[in-house]
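**Student:** Build the 3D model from these lines:
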Amino acid sequence: MTAAAEATERLVLVDLLDRLLAGGVVLTGDLVLSVAEVDLVRISLRALITAVREDRSAPW
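**Tutor:** Now for the predicted structure:
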């Protein structure tokens, strides 16, 4: 990959990340630990990731 292509790819990735954080992203996932098809541990994960804006006052 050329240097120009890598720079463009980084720019696109940064732009995509900026757009996602501006609107907010919700990540969800489930983790299940099982032995012999018996569920022993189940963990549900949920996370809201968003950018912090300085032009808005804090809600507290």
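**Student:** And for the chain, the residue most distant from the center?
**Tutor:** Ala36 (32.5 Å; C-alpha atoms, centre = their mean).
**Student:** so where is this structure shaky, pLDDT-wise?
**Tutor:** Within the chain, the ranges that satisfy pLDDT under 70 run 1, 3-11, 53, 56, 58-60.
**Student:** That one: helices as residue ranges?
**Tutor:** Ranges of helices within the chain are 3-23, based on DSSP state H.
**Student:** re the thing from before, quick check: the residue farthest from the centre of the chain vs Asp18, distance?
**Tutor:** Distance of Ala36 to Asp18, given as C-beta to C-beta, to the nearest Å: 47 Å. C-beta here means a position set from N, CA and C on the backbone, and glycine is covered the same way.
**Student:** that older thread, could you measure the residue farthest from the centre of the chain against Ile43, distance?
**Tutor:** 19 Å.
**Student:** just Arg19 next, same as before
**Tutor:** Plainly put, Arg19 is 30 Å away from Ile43 if you go by C-beta to C-beta.
**Student:** Likewise for Gly23?
**Tutor:** 27 Å.
**Student:** Also Glu37?
**Tutor:** 18 Å.
**Student:** Neighbour count: these two, which is higher?
**Tutor:** For Glu37 and Ile43, the more surrounded residue by other C-beta atoms under 10 Å is Ile43, and the numbers stand at 9 against 5.
**Student:** Bridging across strands, which residues link to the more buried one?
**Tutor:** Beta-bridge pairing for Ile43 (DSSP bridges): Leu31.
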